[in-house]
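[1] Sequence first, then the predicted structure, then my questions.
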Amino acid sequence: MDELTLNDMEISAIGEVSNISLGNAATALGILLRDDIDISVPNVLIKNKGDIVSEGKACEIITRVNYVKGIQGYSILMLKADDVKMMTDLMMGSDGHGMFFQQDLSDLHLSAVSEAMNQMMGSAATAMGIMLDRLVDISTPETIQMNAGDYIQLEFPNDDKFVEIAFDVKLGKEIKCNMVQMYPYTLAKAIADLFIIRKKNEEANA
């Protein structure tokens, strides 16, 4: 049996942590965009690096967050270029299809989405810390434009397996986009274990 796997309980734990933390992230994004944000239930999958690279994901805006307190490791959030342009247009007070959406992707778009991801992932880390019963803090996110598969292959030569969390985001009444968050297997396993231990301790003390 492949030791780098997750059982049903661990996958469920990651899904629950992701659902709550990403819900907090959506709230933070909604405040920034001055509109309602809804997210779907996250879909959790285990992916080999080779599969991610060969898929050639269309996502090309990569935001990396390093965890500097509470847990060790990093996560990456991947978005499509058009979704980044829609978010930027909304942040600039338009309807998501205005001037900033119609422009070519630029440093302005990357700066805007980096600020959005900073707010989102900061809120997600706070919520995660509550669920894991420890303070979780992150570094300032780094955002670049690059094919997701190429980025993972280049930046993470020592990580062969990842946990992918895919979810749909609805911005306001009409605009929908898809986001993908990835953890290296080791961090995902640690998050699942910490959450399961906390739940068992709560049940034992109930």
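    Right, received. Where do you want to start? Residues are numbered from 1 along each chain as shown.

[2] Quick check: which element contains the residue nearest the centre of the chain?
    The residue lying closest to the centre of the chain (Cα atoms, centre = their mean) is Gln181, at 3.4 Å. Following DSSP states H and E, one finds Gln181 within strand 175-184.

[3] That strand: which residues count as buried?
    By 16 or more other Cβ atoms under 10 Å, the buried positions in strand 175-184 come out as Ile175, Cys177, Met179, Val180, Gln181, Met182, Tyr183, Pro184. For glycine as for every other residue, the C-beta is placed from the backbone atoms N, C-alpha and C.

[4] re the thing from before, helix or strand for the closest residue to the residue nearest to the centre of the chain other than its chain neighbours, which one?
    Nearest non-adjacent residue to Gln181, counting by Cβ to Cβ, 6 or more residues apart in numbering: Ile165, 4.5 Å away. Ile165 belongs to strand 161-171 when assigned by DSSP H and E.

[5] now for that strand, which elements pack on it?
    Applying 3 or more Cβ pairs under 8 Å, 6 or more residues apart in numbering; DSSP states H and E, one finds that strand 161-171 contacts helix 8-33, strand 37-39, strand 43-48, helix 49-55, helix 81-91, strand 175-184, helix 185-205.

[6] Try it again at 7 Å.
    Applying 3 or more Cβ pairs under 7 Å, 6 or more residues apart in numbering; DSSP states H and E, one finds that strand 161-171 contacts helix 8-33, strand 37-39, strand 43-48, helix 49-55, strand 175-184, helix 185-205.

[7] Mean pLDDT added to those, as CSV?
    Output for the helices and strands packed on strand 161-171, formatted as CSV (pLDDT from 0 to 100):
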stretch, mean pLDDT
helix 8-33, 89
strand 37-39, 85
strand 43-48, 90
helix 49-55, 79
strand 175-184, 86
helix 185-205, 90
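
[8] closest one to Val65 among the ones you listed?
    Evaluated with Cβ to Cβ, the helices and strands packed on strand 161-171 place strand 175-184 nearest to Val65, the distance being 9.3 Å.

[9] Which other helices and strands does the closest one contact?
    If you count contacts as 3+ Cβ pairs under 7 Å, 6+ apart, strand 175-184 packs onto strand 73-79, helix 81-91, strand 161-171.
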